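Peer 1: Have a look; sequence and predicted model below, questions after that.
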Amino acid sequence: MAKKQFFIIVDTETSITDKVVDFAAVVIDRKGIVHHQCAILVQSVFAVDSLFYDKNAPGIWSQANVSKRMDGYNAMLDTGSRMLASVNAINRWLAQAQGKYNPELTAYNLAFDNGKCANTGIDLTMFSARFCLWAASVGNICNTRAYRQFACDNHLFNARTKFGNMTYSTTAEAVTGFLSGTMTDEPHTALEDIIGYEIPTLAHILNKRDWREKMIAYNWKSHQVKDHFKAK
């Protein structure tokens, strides 16, 4: 009998100082069944450094929305859906998960999450087998005709740049919307994003033949609207 294979999906929400505020990790098997999970607000960052904001952005990433997001996290602490814990505690949890499951590491933008974890002292180096779920999604889902039609039908286009370029979206929200048939907004909280968006996407990809060979790192130049959508 083949040894059971596990994956650990990591997601982070960050501070204005490029550190991790909200950390989550979920261990799943190939069917997407959850075997182990943690959801932590990082003690040395939460309520010490401001949550990330973009002074030019509206909505969830605006500076004006920081206090609302903080209220949401404090409510999670009150209800027990988040724990406040140290970086050392996170690293001990990760080491235990590695020892028990030997999982392959992934995240929807692995380079981003890996970098922010390194800035914070969260150790992901113990996971030698790893891949980017975004690259797996681009190569196995986002480059298909059906996905591009879904993007068009749901107006999933990124803002036009000052150079006149515009791309179609390949976010976790867009991919999960395509797979489920219904677009919803990511809460942009680490555990909830994994459960609601990244697990369904990974479980879908794992059922595909030769999915690893089809992975393609996202390149905006390959997803320009002008190259894939024609006026009628």
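Peer 2: The structure has been received and is ready for your questions. Numbers count the residues shown, from 1 in each chain.

Peer 1: Next, the buried residues of the helix or strand bottoming out on mean pLDDT in the chain.
Peer 2: Within the chain, confidence by mean pLDDT, DSSP states H and E is lowest for helix 225-228 among all helices and strands, at a mean of 94. Within helix 225-228, the residues scored as buried using 16 or more other Cβ atoms under 10 Å are Val225. Placement of C-beta: from N, CA and C, glycine included.

Peer 1: Equivalent analysis for stretch 120-138, please.
Peer 2: 120, 122-124, 127, 130-138.

Peer 1: again with stretch 201-220
Peer 2: Thr201, Leu202, Ala203, His204, Ile205, Leu206, Trp211, Lys214, Met215, Tyr218.

Peer 1: what's the answer for stretch 143-157, then?
Peer 2: For stretch 143-157, the neighbour count (16+ other Cβ under 10 Å) marks Asn143, Tyr147, Arg148, Phe150, Ala151, Leu156 as buried.

Peer 1: Likewise for stretch 67-77?
Peer 2: Residues of stretch 67-77 classed as buried: Arg69, Tyr73, Met76 (neighbour count, 16+ other Cβ under 10 Å).

Peer 1: Switch those over to CSV, and while doing so, append distance to Val48, pLDDT and secondary structure to every line.
Peer 2: Below are these laid out as CSV (distance: Cβ to Cβ, whole Å; pLDDT from 0 to 100; DSSP: H, G, I helix; E, B strand; the rest coil):
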residue, distance to Val48, pLDDT, secondary structure
Arg69, 15, 98, helix
Tyr73, 13, 98, helix
Met76, 17, 98, helix
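
Peer 1: Closest to Asp54 out of these?
Peer 2: Nearest to Asp54 out of these is Arg69 (Cβ to Cβ; 13.0 Å).

Peer 1: and stretch 112-131, average pLDDT?
Peer 2: The pLDDT scores in stretch 112-131 average 98.

Peer 1: my guess is Ile216 meets Trp134, correct?
Peer 2: No. Using Cβ atoms under 8 Å, Ile216 is not in contact with Trp134; the gap is 9.8 Å.

Peer 1: Could you tell me which residues touch both of those two?
Peer 2: Taking Cβ atoms under 8 Å, 6 or more residues apart in numbering as the contact rule, Ile216 and Trp134 touch no residue in common.

Peer 1: quick one: which helix or strand includes Leu84?
Peer 2: Here Leu84, judged by DSSP states H and E, is contained in strand 83-85.

Peer 1: I'd like to know which elements that strand is packed against.
Peer 2: strand 34-42 (3 or more Cβ pairs under 8 Å, 6 or more residues apart in numbering; DSSP states H and E).
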